[in-house]
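*Asks:* 3D model of this:
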Amino acid sequence: MTDYREVLRLADVVLNRTSIGTALGYSRNTVAEVLRRAQLKGIEWPLPDDLGDRELHEMLFPEKAKGKNHKMPDCEKMHKELGKRGVTLTLLWEEYCNDCRQNGEIPYAFTQFRHHYHRYVQTTKATMHLVHKPGEKMEVDWAGQTASVVDRATGSSDAAYVFVATLPCSGYSYVEAFFSMNQESWTNAHINAFEYFGGVPSLLVPDNLKTGVDRANWYSPTINKTYLELAEHYGCAVIPARVRKPKDKPSVEGVVGNISTWIIAALRNHKFFTLSDLNEAMSEKLQIFNERPFQKKPGSRLSAFVEDEKEFLRQLPKDRYELALWKKLTCGFNYHISVDGGFYSVPYEYIKHEMDVRVTGAVVEVFYQNHRVCSHPRLYGRHGQYSTIPEHMPEKHKQYTEWNAERFVSWAKSIGPNTKTVVTAILSYHKIEQQGYRACMGVLKLGDRHGVQRLEAACEKALSYTPNPSYKNIDSILKSGGDKLTAQKTEAKPMDESHSFIRGAGYYGRKN
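*Replies:* Take a look at the predicted model:
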């Protein structure tokens with residue numbers, strides 16, 4: 001609103017219109033119009049003491065005084081609407097103008113509309129804009145203080161680490177205890193938090209811990225691949241806080257302190273023998289914490305969440321995220337990679353290449369430069385199992401897969417009965433027939449190196465020791481030459497006992 005009183009005062013100081021406009025921030029034409037109206041109405045400086053600004057305005061511009069019929073905007077409603085995502089003063093002013101036109105009322109111009117809102121903010125001590133939009137962020141962290149679970153067998157206490165997630169707009173929070181702060185616990189904690197809130201925020205704000213961020217950088221951080229996959233599944237983004245900047249996630253930092261007091265410390269005199277018992281007790285305390293009334297404003301965290309934030313969360317996806325761990329592994333010369341004691345084939349062209357391996361409870365997937373190369377069902381049980389796809393093998397190696405027990409036995413039979421017996425014993429020794437193929441091939445290949453006759457003799461000697469000889473037994477006999485000694489004893493003739501040098505009874509003084 002133009003300060004008519006100050007315009008008249010400066011004019012009395014004998015300043016020209018341009019100088020007055022420059023001093024007050026008005027245009028030269030505005031100053032000229034005020035002075036012209038004052039001259040016509042006979043208004044001069046100094047003004048009477050009982051003449052207020054409103055009366056002066058009505059005297060100078062009586063046609064504008066009719067503006068009392070302007071509809072006053074609902075500033076309290078505006079303030080709440082500005083807290084919603086994407087809402088601006090310009091949008092609210094356009095909606096206000098449309099409402100006025102429909103009701104036959106006169107709207108304020110945007111400058112006056114904004115002026116009334118700013119006056120409301122100043123008089124009610126409300127913030128100009130809400131710092132946090134509803135449903136926009138979820139701040140996450142591990143509490144510094146730990147809980148404890150007692151081992152029934154030993155009586156010792158195991159530390160339980162407390163995960164905390166907070167929606168900054170309402171302050172509504174979630175807590176859960178884990179025995180570890182590893183990737184699996186971190187991922188499951190997020191999934192459970194989303195399900196507790198009944199929706200997903202747009203942004204996740206973690207610390208720069210390894211389960212969330214591989215390489216910390218304010219401008220271009222490298223997000224942990226498992227964490228990034230979790231965010232993509234739920235349709236949100238990850239924006240880590242700056243290193244050693246707790247004010248980047250002040251809500252969760254504040255809640256961590258409250259959680260330490262109202263939940264962890266409140267349970268300090270209770271003994272828990274299982275993690276589920278601890279989480280059940282923490283859940284009860286959490287409900288009380290979220291329903292606790294605010295000190296400086298009406299409502300609670302729960303009421304603020306239900307009324308102002310819940311509807312702005314994204315819907316949960318149909319399928320629950322399946323935890324997947326990512327590893328960087330190099331393909332060996334046998335075109336297999338090793339994952340938790342099992343071996344999985346990849347195309348032999350990728351030998352000695354570093355691969356990205358995604359491991360879930362059911363599947364092992366192999367990627368090279370973000371391109372999926374192959375996948376295998378995950379192997380469980382004993383270590384050393386192989387999952388081999390024939391298409392991954394070189395042409396020469398594919399011939400090996402065509403072998404079966406009948407071919408090995410037939411080959412051994414052509415060498416000799418002892419060799420056949422050894423090969424049959426090796427095949428029957430293994431629970432799974434294919435597990436003995438490598439040993440059978442090794443035994444039969446010894447015939448190419450040492451000759452089939454020596455192999456047959458070695459098998460005979462090994463069978464004299466044990467009914468279940470191994471490849472190592474046969475190979476050891478051939479290397480030491482034990483098979484030759486057996487052959488020599490077999491070829492030797494029995495000794496004739498009638499020799500001239502044998503002494504009779506007479507030689508020893510006996511008589512017939």
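*Asks:* and the residue positioned nearest the centre of the chain, what element?
*Replies:* Among the residues of the chain, the one closest to the centroid is residue 227, at 1.7 Å (CA atoms, centre = their mean). In the assignment (DSSP states H and E), residue 227 maps to helix 225-234.
*Asks:* same for that helix, what does it pack against?
*Replies:* Secondary-structure packing of helix 225-234 (3 or more CB pairs under 8 Å, 6 or more residues apart in numbering; DSSP states H and E): helix 183-197, strand 237-238, strand 325-330. Quick note: C-beta positions are derived from backbone N, CA and C, even for glycine.
*Asks:* Among those, show me which one is buried the most.
*Replies:* Looking across the helices and strands packed on helix 225-234 with neighbours counted as mean count of other CB atoms under 10 Å, the highest average goes to helix 183-197: a mean of 19.
*Asks:* what angle separates that helix from helix 225-234?
*Replies:* Between helix 183-197 and helix 225-234, the angle comes out at 20 degrees (axes from the mean of the first three to the mean of the last three CA atoms, to 10 degrees).
*Asks:* after helix 183-197 comes which helix or strand?
*Replies:* Downstream of helix 183-197 (by DSSP H and E), the next one is strand 203-205.
*Asks:* From the contact counts, what lies against that next one?
*Replies:* Applying 3+ CB pairs under 8 Å, 6+ apart, we find strand 203-205 packed against strand 137-142, strand 237-238.
*Asks:* what's near enough to touch the nearest residue to residue 23 once chain neighbours are set aside?
*Replies:* What sits nearest to residue 23 in space, not counting adjacent residues and going by CB to CB, 6 or more residues apart in numbering, is residue 10, at 6.4 Å. By CB atoms under 8 Å, 6 or more residues apart in numbering, the contact set of residue 10 is 19, 20, 23, 24.
*Asks:* how about TSV for the helices and strands packed on helix 225-234, with distance to residue 442 and mean pLDDT added?
*Replies:* Formatted as TSV, the helices and strands packed on helix 225-234 follow (distance: least, CB to CB, whole Å; pLDDT from 0 to 100):
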stretch	distance to residue 442	mean pLDDT
helix 183-197	41	91
strand 237-238	52	86
strand 325-330	27	87
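*Asks:* Looking at these, which is nearest to residue 270?
*Replies:* Closest approach to residue 270 among the helices and strands packed on helix 225-234 (CB to CB): helix 183-197, 22.0 Å.
*Asks:* Extract the C-alpha trace of the closest one and format it as PDB.
*Replies:* As requested, the backbone C-alpha atoms of helix 183-197 are provided in PDB (Å, rounded to 0.1, in the frame of the first residue of the first chain):
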ATOM      1  CA  GLN A 183      23.000 -55.500   4.900                       C
ATOM      2  CA  GLU A 184      20.200 -58.100   5.600                       C
ATOM      3  CA  SER A 185      19.100 -56.300   8.800                       C
ATOM      4  CA  TRP A 186      19.300 -52.900   7.200                       C
ATOM      5  CA  THR A 187      17.100 -54.000   4.300                       C
ATOM      6  CA  ASN A 188      14.500 -55.900   6.400                       C
ATOM      7  CA  ALA A 189      14.300 -52.900   8.700                       C
ATOM      8  CA  HIS A 190      13.300 -50.700   5.700                       C
ATOM      9  CA  ILE A 191      10.700 -53.200   4.400                       C
ATOM     10  CA  ASN A 192       9.100 -53.500   7.900                       C
ATOM     11  CA  ALA A 193       9.100 -49.700   8.300                       C
ATOM     12  CA  PHE A 194       7.300 -49.200   4.900                       C
ATOM     13  CA  GLU A 195       4.700 -51.800   6.000                       C
ATOM     14  CA  TYR A 196       4.300 -50.100   9.400                       C
ATOM     15  CA  PHE A 197       3.700 -46.700   7.800                       C
END
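*Asks:* now for that helix, which elements pack on it?
*Replies:* Contacts defined by 3+ CB pairs under 8 Å, 6+ apart place helix 183-197 against strand 137-142, strand 157-166, strand 173-178, helix 225-234.
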